[in-house]
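In: Turn this into a model:
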Amino acid sequence: MALFHEYLGGLKDLIDQISEEFVEDLVSALEEAWKSDRRVLLLGNGGSSSTASHIVADLQKMVQLDTGKALKALCVTDSTPLLTAWANDTEYANVFSKQVTCWAETGDIVIAISGSGNSPNVIRAVEAGKEAGAVTYGLAGYGGGKLLETADKCLVVESRNMQQIEDVHMIALHLIFSSLRKRVAPGGPVC
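Out: Numbering: from 1, shown residues only. Next up, the predicted model:
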C-alpha cells in the first residue's frame, strides 16, 4: 500500500516541523487568558470548524475539571442559526467577524484556522479581533496565505494536502491544550 506509507511518512515530516516557539507562545497566552478571565474565540470552515469546536470542548471542560476554574473558550462556528442569519442578511464573509466584534475585548484571544489561509470570513474575523484589541493566532497551510499576513502569529503547515494540514492542526492544538493543562493543573491533569 504505497498511499499508506506516503501519507503517514509525509505526516510525520510535517509534525516534525511544528514550531515549538508558536506552541509555547500560544500556551503562555492561554494561561494568561485563564488567569485573567479573558475569552478565547476559535473559528474555521469545514474541517477546520470541526477542529475549532473539538479544541473548545477540551479547553473549556478539561481545564475546569483540572482546576475548578474554566477557561472561557467558545467556538463561533457552533451556532448554525447565527451563521446562516449573518450569511443571509449580509454575506458569508461576515459570519465570524460579526460574532468576534460581539464577544472580543482587549486581551482576549482569537484563534483562526484555515487550511488555505485565504478564507475571507476567517481573515475578516482576525481583523475584527485585532480591532477589538484581541491577540490573534492563525493556523494555516498552503504557505499561510493572507492569514499569515493578518494574524499576529501564525503556524503554517508547509503542505498542499488539506487532510495532512488538518491532521497537523489538530495535533498542534492537542499539544497546546495538553501543555496548558500541565501548567495550570495543581498536581497534574485529572484525566
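
In: For the helix or strand hosting Lys12, buried residues please.
Out: Element membership for Lys12, per DSSP states H and E: helix 2-16. Buried residues in helix 2-16, counted by 16 or more other Cβ atoms under 10 Å: 11, 14. C-beta here means a position set from N, CA and C on the backbone, and glycine is covered the same way.

In: quick one: that helix to chain centroid distance?
Out: Averaging C-alpha positions (Cα atoms, centre = their mean, to the nearest Å) puts helix 2-16 23 Å from its chain's average.

In: Now do that helix: everything it contacts.
Out: Contact with helix 2-16 is made by 157-159, 161, 163-165, 167-168, 171, as judged by Cβ atoms under 8 Å, 6 or more residues apart in numbering.

In: Check those for burial and list the buried ones.
Out: 157, 159, 161, 164-165, 167-168.

In: sorry, back to before: and which of the contacts of helix 2-16 is nearest to Pro120?
Out: Among the contacts of helix 2-16, Ile165 lies closest to Pro120 (Cβ to Cβ), at 18.5 Å.

In: Quickly note the distance from that closest one to Leu139.
Out: Distance of Ile165 to Leu139, computed by Cβ to Cβ, to the nearest Å: 9 Å.

In: list residues touching both of those two?
Out: Joint contacts of Ile165 and Leu139 (Cβ under 8 Å, 6+ apart) are Val157.

In: would JSON lines of the buried ones among the contacts of helix 2-16 with distance to Leu82, pLDDT and secondary structure be doable?
Out: As requested, the buried ones among the contacts of helix 2-16 are exported to JSON lines (distance: Cβ to Cβ, whole Å; pLDDT from 0 to 100; DSSP: H, G, I helix; E, B strand; the rest coil):
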{"residue": "Val157", "distance to Leu82": "29", "pLDDT": "98", "secondary structure": "coil"}
{"residue": "Ser159", "distance to Leu82": "32", "pLDDT": "97", "secondary structure": "coil"}
{"residue": "Asn161", "distance to Leu82": "32", "pLDDT": "97", "secondary structure": "coil"}
{"residue": "Gln164", "distance to Leu82": "31", "pLDDT": "98", "secondary structure": "helix"}
{"residue": "Ile165", "distance to Leu82": "27", "pLDDT": "98", "secondary structure": "helix"}
{"residue": "Asp167", "distance to Leu82": "29", "pLDDT": "98", "secondary structure": "helix"}
{"residue": "Val168", "distance to Leu82": "29", "pLDDT": "98", "secondary structure": "helix"}
